[in-house]
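Peer 1: need a structure here:
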Amino acid sequence: MFKKLYGQYLKFLLIFSIIIVVIYICFRLWLPFLVSVNLPFLILAFVVLTAVMHYFVAQADAQRITFKPDINISKEERMKMLTDIERKFITRYLLITTIKLLGFLIMLVLYAYFNRKDFLLFGANFLVIYIMYSIFEIIYLKQPVVGKK
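Peer 2: Numbering: from 1, shown residues only. Predicted structure coming up:
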């Protein structure tokens, strides 16, 4: 189940990223003053970091989706098992999100240090890309379990 979930996520991430690249190309052609010259590297960083971080989230998500409690145990014990799996998923998701956010923060600080001229434009582009990928990730994770099988 994990490989299927992660493969499906990578497919959607690739499609979404291609759409982002097409939007970037359109902006680069018609409104070049709105995009940083380093935006393609930023998009690549988002794709790679998002894919790597989601690998760990998908492991907990697969366990959550495939949970089948033993019918011979009490309802309370089944609920406790399910709650533990849900808690593990939430904890892992928040940890991965925190690590990803810190990684992006380090990237922004390093960019600001080495390239002060383009930082304001790069920072604005970063914010837009970060919001777009965050919305993508949330929509993907919130879709019904039936859609993931």
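Peer 1: low-confidence ranges, this structure, go.
Peer 2: 144-149 (pLDDT under 70).
Peer 1: ok, now with 50
Peer 2: 146-147, 149 (pLDDT under 50).
Peer 1: the residue of the chain most remote from its centre and D84, how far apart?
Peer 2: For the chain, the largest distance from the centre (CA atoms, centre = their mean) belongs to N72, which lies 38.0 Å off. N72 is 18 Å from D84, where distance means CB to CB, to the nearest Å. Heads up, the C-betas are built off the backbone N, CA and C, glycines and all.
Peer 1: which helices and strands sit right next to the helix ranked longest in the chain?
Peer 2: Identified as the longest helix of the chain according to DSSP state H is helix 75-114. Judged by 3 or more CB pairs under 8 Å, 6 or more residues apart in numbering; DSSP states H and E, the packing partners of helix 75-114 are helix 39-65, helix 119-142.
Peer 1: from the chain's centroid, how far away is it?
Peer 2: Distance of helix 75-114 from the chain centroid (CA atoms, centre = their mean, to the nearest Å) equals 11 Å.
Peer 1: measure stretch 110-119 end to end?
Peer 2: 10 Å (CA to CA, to the nearest Å).
Peer 1: residues touching that stretch, excluding its own?
Peer 2: Stretch 110-119 is contacted from outside by S36, V37, N38, F122, G123, using CB atoms under 8 Å, 6 or more residues apart in numbering.
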